[in-house]
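>>> Build me a model:
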Amino acid sequence: MGIPPTGRRWCGRGRLGLAAEPPRGGGCPPPPPPHPARRPTLAAWAANLLLRSRPQESGRFLELGQALREAYQTLDAEGIRKLSDQCRSVVAALSGQAAQLARDAGHPLSDTAQQDVGSTLRAVLADQDAADRWATGRLEGALTPPLTFPSPAAAPASRAAREPSRSPSPSPSRTQAKDEVAERRRRRQEDIARAKETAKAAEQRLRDQHAAQADADAVLRQARDRHDQARQQASAAEEQLRQARQELQRAEREQREAEDRHHAASDALTHAEQAAHVAARKVTRLASGR
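Predicted coordinates for the structure are as follows:
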């Protein structure tokens with residue numbers, strides 16, 4: 001995955017990591033101590049991560065850039081425009097993949113960083129030196145594409161200048177040159193055809209990613225709705241439980257009060273029965289004494 005933008009990487013040190021002592025009696029001074037190498041920006045790190053994590057797509061993207069640069073020497077303006085439109089789709093798809101890879105690695109890209117990734121990929125398409133630098137997988141900063149490709153209007157004139165003039169009896173060398181030009185054109189057309197296929201595949205992957213993202217958004221919305229509903233139900237259940245506990249406490253208090261009254265009434269009844277029994281005996285005793 002490469003060195004994350006929050007990490008540090010250091011140049012090599014001398015043996016045991018110590019600078020050599022200056023030689024006695026003069027001589028050349030020792031080399032300065034090593035300094036830490038620049039760590040990549042977040043956009044450069046994401047571009048490097050894309051190259052290493054998607055080697056097949058990155059390889060086809062480099063081929064697409066080569067075909068696009070050659071196309072500016074062979075295609076007309078309309079052909080270049082169509083190929084450029086496809087290249088923009090490829091850049092958008094790969095930029096999205098780089099953002100997803102960075103997010104999965106725990107370093108989500110800001111809008112500015114994602115724009116820098118797209119700028120780097122456009123530079124790779126337009127400039128061979130930028131393509132070579134990205135292919136190393138060790139970018140430290142975002143790349144800037146050139147303002148324009150070579151003008152396609154100059155291509156027909158340059159091709160006409162390169163083609164030998166017709167003559168009633170062309171020499172073998174001129175015939176061979178024409179064959180070489182035709183072969184180069186054929187190879188370029190093949191490269192362009194492959195580039196178009198790569199662009200179409202990238203556009204399809206982009207559409208698939210958009211569809212997958214839409215499905216994921218819908219699932220997330222449904223999950224959030226279910227979560228909110230469950231939280232509301234839990235809140236309602238907690239309120240019902242609180243009220244039920246209050247009702248239970250009130251019922252228990254009333255039951256204790258009723259039991260106390262029952263015991264008091266039972267005691268009073270017992271005392272009354274005893275008094276009535278005593279009174280009855282007294283009446284009986286008095287009646288028998290007459």
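>>> name the element Gln229 belongs to?
Gln229 is located in helix 172-288, with elements delineated by DSSP states H and E.
>>> can you give me the offset of that helix from its chain's centre?
Put simply, helix 172-288 sits 29 Å off its chain's centre (C-alpha atoms, centre = their mean, to the nearest Å).
>>> what's that helix packed up against?
Where contact means 3 or more C-beta pairs under 8 Å, 6 or more residues apart in numbering; DSSP states H and E, helix 172-288 is packed against helix 55-74, helix 77-104. C-beta here means a position set from N, CA and C on the backbone, and glycine is covered the same way.
>>> Let me know the angle separating that helix from helix 77-104.
Angle, helix 172-288 to helix 77-104, by axes from the mean of the first three to the mean of the last three C-alpha atoms, to 10 degrees: 40 degrees.
>>> Let me see the mean pLDDT of helix 172-288.
Averaged across helix 172-288, pLDDT comes to 83.
>>> Next up, phi/psi of Gly106, please.
Backbone geometry at Gly106, expressed as degrees, to the nearest 10, gives phi 90, psi 10.
>>> Who are the contact partners of the residue nearest the centre of the chain?
Residue closest to the average C-alpha location in the chain (C-alpha atoms, centre = their mean): Gln100, at 2.5 Å. Counting by C-beta atoms under 8 Å, 6 or more residues apart in numbering, Gln100 touches no other residue.
>>> What distance do you get for it to Gln232?
34 Å (C-beta to C-beta, to the nearest Å).
>>> Looking at Ala99 now. What's its pLDDT?
At Ala99, pLDDT is 94.
>>> Where does the closest residue to it other than its chain neighbours sit: helix, strand or coil?
Once flanking residues are discounted, Ala99 sits nearest to Leu109: 4.9 Å by C-beta to C-beta, 6 or more residues apart in numbering. Look at Leu109: counting by DSSP: H, G, I helix; E, B strand; the rest coil, its state is coil.
>>> Many thanks, I have nothing further to ask.
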